[in-house]
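J.: Here you go, sequence then predicted model.
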Amino acid sequence: MVRFVATADWQLGMAARYLQPEAQARYGQARLDAVRRIGEVAAAHDAAFVVVGGDVFESNQLDRQVVVRAFEALADVPVPVHLLPGNHDPLDAASLYTSTLFTRHRPDHVHVLDTAGVHPVHDGVELVAAPWFGKRPLGDLVAQAVAPLPPAPDGVVRVLVGHGQVDVLDPDGSRPTTVALADLTAALDDGRLHVAVLGDRHSTTQVEPRVWYPGTPEVTARRETDPGNVLVVDVGPDHLEVETVAVGRWTFDDPEHRLDTADDVSALLAELRGRRAKERTALWLRLSGTLALRDKIALDAGLDELAPAFARLDLWHRHLDLAVVPDDHDFADLALTGFAADAVLELRDVAASGTEASAAAQDALGLLHRLVGAGR
Amino acid sequence: MKILRVHLTHYRGIDDLEVRLDPVGVTVVQGPNEVGKSSIPEALGLVRDYPDSSRATAVRAVKPVGLDVGPRVEVELETGPYRLVLTKRFLKAPSTELRVLTPRPEQLSGREAHDRFDAILTATLDRQLWDALQLVQGQALDQPALARVEPLRTALGALAGDDDGADGHADLLGSVEAELQRYYTPRALRPTGELEAAVTAELAARALVDSLAAELEAVDVQVSRHAGLEGELAGVAAAESRLEVELTSLRGRTAEVRRLTHDVESAEAALEKAHLLLGDAERVADERARLSAEVDEREAALDTAVRSSTRLQAVVDEHHDAVATTARASAEADAVRHDTELAHRHAHGLVDLVRCEHDLVAARERRDAAESAQRDVDDARRALHARAWADGAVEAIEAATTELRFAEQGRDLAVAHVRVEVLGEQAVTVDGDGVRALADVPVTAETVVEVPGTVRVVVTPGGEARDLGAVVDERRAELDLLLVEHAVDDLAAARAARDAHEGRASALRDAEQRLAVALGRDRRDDLVVACASLEARADDLRGRFARPDVPLPDLAETQADCDRLADALDLARATARSAADAADEAQTAAQRRAHDTVRLLQQQEGARSEQVRAQGALDRHRGICSDAEVAARLASARADVDAHQDRLAASTRALDAHDPDTLAMLQRNADARAPRLAADRREVEDAITGLRALLDEAADRGLQDAHDAATAELQHADDLLARTRARADAALLLHTTLLAHRRSSQERYVRPFKEAIERLGTVVFGPGFGVEVTPDLAIAARTLDGRTVPFESLSGGAREQLSVLGRLACAGLVSDDGGAPVVLDDALGFADPTRLDAVCAVVNEVGRRAQVLVLTCHPDRFRAIGSATVVRLGGSPAGSTV
Ligand SMILES: [Mn+2]
């Protein structure tokens, strides 16, 4: 019986270009903070060690300082930590793991699973590692690591640590590195392995009772469904218990809203205003509906006002289905007559036409509104 | 505004001039130059613009010439609801008086009067309109600036149904334009300002991202190459260890080969020695066999030689017999040949003799014939020469005879004849000759007839008779001479003599012919010599071949004998020759056999001595070593050689089994591979070191961070660009849309003005006239009969006419709302009479609703204005009032 913390895809050094410049630095730090929290989880659960299923670092070409910062964070983890090179940080000629900085400053309790196969890491515990040695291996590294395995000796618990998409979850199964679940379950069934921890999928996922993706401890993309967790695993030759523990602090989201009235706009703005931890929240709003020009202007103004509070707050233009229809009220108080009034009528028609030109016409009307309003 | 009256005093050159104008209609003010026509509108401007105290240039310009008084202007106007009279004196004792008559009487003076007048005009008259409607001298070709004429704009706006006019929203347009120019340059609409900056920033950010992405890509490639090189290095190491194993194996095999090679070499040496011994034994055995064989051979040769001599002797004998036989036959054949030759020679001599005899007879006959012919020739020649006859003699004699006959006949006819007839027996003579019976004698000479004795009659001839007689005598004498000459008696004789001569000549020719035939080509002497020669030969032949007692046979027979013997001789000769040949041949053969016999005997002797010598040698050899000993030594030596050969073959097989060539080749290759592998290793290691350095360098640069930062920058640049572009597009769209609508609004607004001009212009230019009017209400182009010409390109006349039309159209449009007088000062100087009349009609028409003031120094020019009031100046003394 052993208890350990399973995690993966730390992606240390990852940049979030879509965040505001100010938020980007905080986000980078958040990923390191997550490591410390993993240490806390390990301590709280009395875990024997931590295993990281690949992509510890975002890239081998990162500034080497990332290693220093990672070791700083790891120093706070009270148990041994086993790092597996993944597709982002493979053990190739440019690898961070073989850099002088890494080898010289590596804390004693930090280990790199730098060969494929069995690594005895603890009394009665063997890690079976399938590290990446390059960005484009030609086969299923997990299957290659598992194939030559003899049955686990009596009383020994075997934990597979790998990285890659499992074929049953991967709609594009044509990649050579896809992990064949059948081979894995066969090994689990016949006692060569007892549990499998995989990296590469950033959402926490149970593929089958003994095969898990812990996911990334801190969100990395808005499409992730369940990021921000680690797994606390209790495993013995005849026993397995997996607990999901949340450690992530950041939220990336793309909420949908339908806006048709001024009230809808107010409600959305109120909801956004009411959000907590805005500085750790990135939102891509997916808006639909039909708004009067005045309401759209109000929405834009409201969003502009709120945006600085968020790590990012923006419309997701690709998913924007918001029509803006200027009505008579929009221009009544501007008292435009003659040809100017005619021009407004034409622009309004185009704006409401729902064609490609609509957006520009809406903007033109907005501009007119602003210019005339300002002169008044 | 309408001008009702203008009164000028001491104004420029005018002492006093008062002009009254109709409030509606055309007033033509005509007069010579310098009379002050233009002063009327000028004065109006002065009183409006300048207070009486003004010293402005324009004011000072109207000071009267040579007078120390101030110029005075009095105008009476109707404007808006007002009717007023304004009097102003400038410069000297300046004063201003304003009397407002309606709607409420006012009386003001000084500055108050000026200000009130100004206020009334400002309220009721548009200054721009006033200026626009005046066509002053020297501006005939310019269009009025109508765009700012408020009454016109108002009128047009009302006509267009547009209550705020096309030129509204200037502020809005200005601010839209300002907004647009934040992003685009004014005319070319090239990005500028914020938009340009955003585009540039986006491009720069993208370039940076691209370049960093390329660098990352390059690092990836280097990493792949590194992995490849590591693989290669492992390959080199594997090859090196394989080579080590191979070298060890090769060393063992090489030692074994060396041992086997030694075995082969010693077997080869032993075999060589056995071969030497065998060679000795074989040589002895060979010598023994050779000697023994030689003895046998010599004996056989001797035997053969003896047999050959015996056989040859029999042949020699046969040849001797043949020699004797053939010699006999040859002698017999030669005897026959000799006999036949003799017989043939005799027969041949006989043939010659007979032939010679024949030839001799023929030769003699020819010789005799020739000699006889020669004699006849000689005789004939002699006879011919003996009796000569001249050619032509007969003819001469015949001619002389004929002459004589003619002479005689002439005489006889002419002379007397004496006819004497003898009648009896008595002899009668005439000149002595007796007459037998009758004589007729011509008397040419004295003739004596006598009967002898009886009578003598002498007759004497007359003279003529004598002459004729003389002629006859002469002819006779000539004839006689000829006869004597040719030795004939008469003509007959002559003819006979000639014939005889010709007979002799003929005989000579015959004889000569015969001689020629007899001689042929030969000469007579040749024939003689030939005869003699034949005779000698015949004698010789006869003596040798003929017997005196036997007559000579004939030629054919002799010839036949001879021919037959010739054939016999040929045969006998051939026979003798072949017999002699046979004899010679037999002789030669016999001699050859004789030589052979001698040679064979010599050979036989040689063979015998050889046989003896060989036998001696064999005997000596056997004395040294017996035949059995020789055979035993040979067998033993052979057995030794065989044994050593077997040993060598076995050693060689053992060596070959190890394939020493291949082994050597493998060894060489293995030796060469070591340095090559070392070089490969060095090369790969160097390459790895190089790549390692590149990768370390890249690692130090934190490319990924730089790339991420650049990507973030690009993201923001993209966002900024999108936002800026959206704003720019909005400004552009708003601007474009506003301008488009203003333009169509302006078009609506200028239409009434355009139509007014075209209405008036059709009168002047005819149907098919049209104008293009700009939003500024200027005429841009004229269309006539489908041809459109820009205003600036029109002729001066057309431009002036259009300018006048523009003013008149304007006046027509604004006349209902107060308006202002149209002033045409010295206008239409460019127009031709037809156009001028048409323009006059138009002026007349406009004059129905507006006040028109025409100033001109050409009374004729505007005579066509139907309802004009004419004011003449200058014709009457200055100061006259009209
Ligand atoms: Mn990953």
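T.: Alright, I've got the coordinates.
J.: right, and residue B:518 touches residue B:365 too?
T.: No - counting by CB atoms under 8 Å, residue B:518 stays clear of residue B:365, with 9.2 Å between them. Glycine gets a C-beta too; all of them are placed from N, C-alpha and C.
J.: Compare these two and say which is more crowded by neighbours.
T.: residue B:518 (20 against 13; other CB atoms under 10 Å in any protein chain shown).
J.: in chain B, what residue is nearest the ion?
T.: Closest contact between chain B and the ion, by CB to the ion, is at residue B:704 (14.1 Å).
J.: check contacts around that residue.
T.: Residues near residue B:704 by CB atoms under 8 Å, 6 or more residues apart in numbering or on different chains: A:13, A:58-63, B:216.
J.: Swap in 7 Å and give it another go.
T.: A:58-59, A:61-62, B:216 (CB atoms under 7 Å, 6 or more residues apart in numbering or on different chains).
J.: So for the closest residue to chain A within the stretch 251-400 of chain B, what pLDDT did the model give?
T.: For the stretch 251-400 of chain B and chain A, the shortest gap (CB to the nearest CB) falls at residue B:252, measuring 36.9 Å. Here, the pLDDT recorded for residue B:252 equals 88.
J.: so which strand or helix has the residue of chain B closest to the ion?
T.: Per DSSP states H and E, residue B:704 falls inside helix B:703-765.
J.: which secondary structure elements does the lengthiest strand in chain A contact?
T.: Counting by DSSP state E, the longest strand found in chain A is strand A:281-292. Where contact means 3 or more CB pairs under 7 Å, 6 or more residues apart in numbering or on different chains; DSSP states H and E, strand A:281-292 is packed against strand A:251-253, strand A:256-258, strand A:312-315, strand A:321-325.
J.: Would you mind listing where chain B has pLDDT under the threshold?
T.: Applying pLDDT under 70 to chain B flags the ranges B:136-141, B:147-148, B:160-168, B:816-818, B:874-882.
J.: quick one: the most centrally placed residue in it and residue B:307, what's the gap?
T.: Geometric centre of chain B, nearest residue: residue B:188, 58.8 Å, by CA atoms, centre = their mean. To residue B:307, residue B:188 is 143 Å away according to CB to CB, to the nearest Å.
J.: Looking at chain B, which helix is longest?
T.: Counting by DSSP state H, the longest helix found in chain B is helix B:193-386.
J.: Can you name the element that comes right after that one?
T.: Toward the C-terminus from helix B:193-386 - assigned by DSSP H and E - lies helix B:393-414.
J.: right, and residue A:228 touches residue A:204 too?
T.: No - the pair residue A:228 / residue A:204 is not scored as a contact, 8.2 Å apart, by CB atoms under 7 Å.
J.: Surely residue B:590 touches residue B:317?
T.: No - between residue B:590 and residue B:317 there is no contact under CB under 7 Å: 9.8 Å.
J.: who has more neighbours, those two?
T.: Set residue B:590 next to residue B:317 and count neighbours by other CB under 10 Å: residue B:590 wins out with 19 against 10.
J.: Okay, the residue of chain B closest to the ion and residue B:57: tell me how far apart.
T.: Applying CB to CB to residue B:704 and residue B:57 gives a distance of 83 Å.
J.: check which helix or strand covers residue A:85.
T.: For residue A:85, there is no host helix or strand (DSSP H and E).
J.: so what's it up against?
T.: For residue A:85, the contact set (CB under 7 Å, 6+ apart) comprises A:54, A:91, A:95, A:97, A:131-132.
J.: can you pick the most crowded of these?
T.: With neighbours defined as other CB under 10 Å, the most crowded of those is residue A:54; it has 29 neighbours.
J.: Kindly report the residues of chain A close to chain B.
T.: Taking CB under 7 Å from any CB of the partner chain as the criterion, chain A approaches chain B at residues A:13, A:15, A:17-18, A:24, A:58-59, A:61-64, A:92-94, A:99, A:134-135, A:337-340, A:342-343, A:346-347, A:360-361, A:363-364, A:366-368, A:371-372, A:375.
J.: Could you pick out the buried ones from those residues?
T.: A:13, A:15, A:17-18, A:24, A:58-59, A:61-63, A:92-94, A:99, A:134-135, A:338-340, A:342-343, A:347, A:360-361, A:363-364, A:366-368, A:371-372 (16 or more other CB atoms under 10 Å in any protein chain shown).
J.: so of these, which ones are in helices?
T.: Per DSSP H, these map to helices at A:24, A:338-340, A:342-343, A:347, A:360-361, A:363-364, A:366-368, A:371-372.
J.: and the two most separated of the contacts of residue A:85?
T.: A:54 and A:95 (12.8 Å; CB to CB).
J.: Just the closest residue of chain A to the ion, please.
T.: When scored by CB to the ion, chain A has residue A:55 as its residue closest to the ion, at 3.5 Å.
J.: can you tell me how far that residue sits from chain B?
T.: For residue A:55, the distance to chain B (CB to the nearest CB, to the nearest Å) stands at 13 Å.
J.: That residue sits in which helix or strand?
T.: Residue A:55 belongs to no helix or strand, assigned by DSSP H and E.
J.: Any idea how many residues pack against residue B:171?
T.: Residue B:171: 11 surrounding residues under other CB under 10 Å.
J.: domain assignment for chain A?
T.: With domains defined by automatic domain parsing, chain A comprises A:2-246, A:251-374.
J.: tell me the most buried of these?
T.: domain A:2-246 (a mean of 20; mean count of other CB atoms under 10 Å in any protein chain shown).
J.: in what helix or strand does the most centrally placed residue in chain A lie?
T.: Nearest to the mean C-alpha position of chain A, counting by CA atoms, centre = their mean, stands residue A:220 at 2.3 Å. Counting by DSSP H and E, no helix or strand carries residue A:220.
J.: show me what contacts it?
T.: A:11, A:14, A:202, A:227.
J.: tell me the phi and psi of the first one?
T.: Right, the one you point to is residue A:11. Dihedral pair for residue A:11: phi 50, psi 40, per degrees, to the nearest 10.
J.: cool, residue B:856 as well?
T.: Dihedral angles (degrees, to the nearest 10) for residue B:856: phi -150, psi 150.
J.: Can you dump the C-alpha atoms of stretch A:268-284 in CSV for me?
T.: Taking Å, rounded to 0.1, in the frame of the first residue of the first chain, the C-alpha atoms of stretch A:268-284 are listed here in CSV:
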residue,chain,number,x,y,z
LEU,A,268,-24.7,41.0,-17.9
LEU,A,269,-22.7,44.0,-16.7
ALA,A,270,-24.0,43.4,-13.2
GLU,A,271,-23.0,39.8,-13.2
LEU,A,272,-19.6,40.6,-14.5
ARG,A,273,-19.2,43.3,-11.9
GLY,A,274,-20.2,40.9,-9.2
ARG,A,275,-17.6,38.3,-10.1
ARG,A,276,-14.9,37.5,-7.5
ALA,A,277,-11.2,37.2,-8.2
LYS,A,278,-11.6,39.1,-11.4
GLU,A,279,-7.8,39.5,-11.6
ARG,A,280,-7.5,35.7,-12.0
THR,A,281,-10.3,35.4,-14.4
ALA,A,282,-10.2,35.5,-18.2
LEU,A,283,-13.5,35.7,-20.0
TRP,A,284,-14.3,35.4,-23.7
